[in-house]
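Q: After the sequence you'll find the predicted model.
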Amino acid sequence: MNERRRAAADPDRATLRKASLRIAVRISAACAVMVLCLLAGAAIYLTNQLSHPELPGTSNPAADFAYLDYKDLLKALIIAGAAGIVLAGVIGWFSARSAIEPLGAAMALQRRFVQDASHELRTPLAILDARIQLAQRDTPPQSKPGQALARIRQDTSALTAIVNELLLAATGDAAEIPAEPIDVAGVVEAVAESVRTIADGQDVSVAVTAGARPLARIDESSLRRAILALADNALAHTPAGGTITLAAAADQRHAVITVTDTGNGITGVERDRIFERFVRTARPDGTRAQRSFGIGLALVRDVAAAAGGTVEIASTGPGGTTMRIVLPLATP
């Protein structure tokens, strides 16, 4: 009972126990196969010997001979083999637990670091948000400084939400699905506004197409982070003078988000592998340098999967690439 309580309090303990159990099962299975092979070999040998018995001669009448029933001998071998398998399982269990102790210490250290860092970041972010609000009081909302402060506060709010998610993940608690659906098109428009400042500096234009206003039940901060990752990836692979288009639409029972760029397309890697962490592809110009898609696309896949959706490459080629997020459509 105490072990279960400790496992519930520390999610790493349950993970390590499962890992050690898998290792122990594998060790036991390997030992079981080895023991069974030995028993089978011994049984075949005994059967062969019994089918060709060699009775002792009378040349040495002083010699003593002992005879064993082969059934008793086979029974003894089976009992010894079963005991060997059980012993191998016990040894494998303790060996696995001792082998993963350093992994458990590393996981605990990592979790403490994320918890401490997330907790320490919350205070300066709250102070920054308060200072932005004070600056907004003395600035007309429709003026350029007022609009810039509003966007800065939105970015600060998004960063605060990310820190809170990190702290939630470090405690091992599952994120709650929001009860109220969110406006997907609104999130797309906010991301486009955030990316436009960076895109202007790279001579890349950002367009938004949001004819429909689909609703989806997903954490707004997570969805914003996923769309921002797609837009950032598109921006990184779009040359100067190109265009990035963000769109939101409703398709039957799904909310569809697309991010389209005018880059050279994705080549040199399978489509499914694009969403692996730090996957690399050769550059279109044939140089030995490689393009890295970083960790952002893997996070997009995780966010979409957590909401019951998917992310995929809708199309790619010399004219550009379109990434698509599909989420279950929510009713208001």
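A: Thanks, I have the structure now. Quantities reported herein were computed from a predicted structural model and do not represent experimental measurements.
Q: CA only for contacts and neighbour counts going forward, please
A: Will do.
Q: in stretch 305-324, what's buried?
A: Neighbour-count burial for stretch 305-324 flags 307, 309, 310, 311, 312, 313, 316, 320, 321, 322, 323, 324 (criterion: 16 or more other C-alpha atoms under 10 Å).
Q: Over to stretch 145-165?
A: 146, 149-150, 153, 155-165.
Q: List the contacts of stretch 224-236.
A: With C-alpha atoms under 8 Å, 6 or more residues apart in numbering as the test, stretch 224-236 has contacts from 187-188, 191, 195, 199, 204, 244, 246, 259-261, 263, 293, 296-297, 299-300, 303, 323.
Q: Okay, and which of those map to strands?
A: Counting by DSSP state E, the part of those found in strands is 244, 246, 259, 260, 323.
Q: Save the residues you listed as JSON lines, and put in distance to residue 118 and pLDDT too.
A: Below are the ones in strands among the contacts of stretch 224-236 laid out as JSON lines (distance: C-alpha to C-alpha, whole Å; pLDDT from 0 to 100):
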{"residue": "244", "distance to residue 118": "33", "pLDDT": "94"}
{"residue": "246", "distance to residue 118": "31", "pLDDT": "94"}
{"residue": "259", "distance to residue 118": "30", "pLDDT": "93"}
{"residue": "260", "distance to residue 118": "33", "pLDDT": "93"}
{"residue": "323", "distance to residue 118": "31", "pLDDT": "92"}
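Q: low pLDDT regions in this protein?
A: 1-13, 16, 45-74, 76, 99, 167-179, 268-271, 277-295, 332 (pLDDT under 70).
Q: residue boundaries of the helices in it?
A: 2-9, 11-51, 70-99, 101-137, 144-171, 184-201, 220-236, 296-306 (DSSP state H).
Q: between the buried residues of stretch 145-165, which is nearest residue 94?
A: Using C-alpha to C-alpha, residue 165 comes nearest to residue 94 of the buried residues of stretch 145-165, at 35.9 Å.
Q: Next one: the closest one from residue 254, what distance?
A: Going from residue 165 to residue 254 by C-alpha to C-alpha, to the nearest Å gives 25 Å.
Q: now residue 109
A: In terms of C-alpha to C-alpha, residue 109 sits 41 Å off from residue 254.
Q: the more surrounded of the two?
A: residue 254 (18 against 12; other C-alpha atoms under 10 Å).
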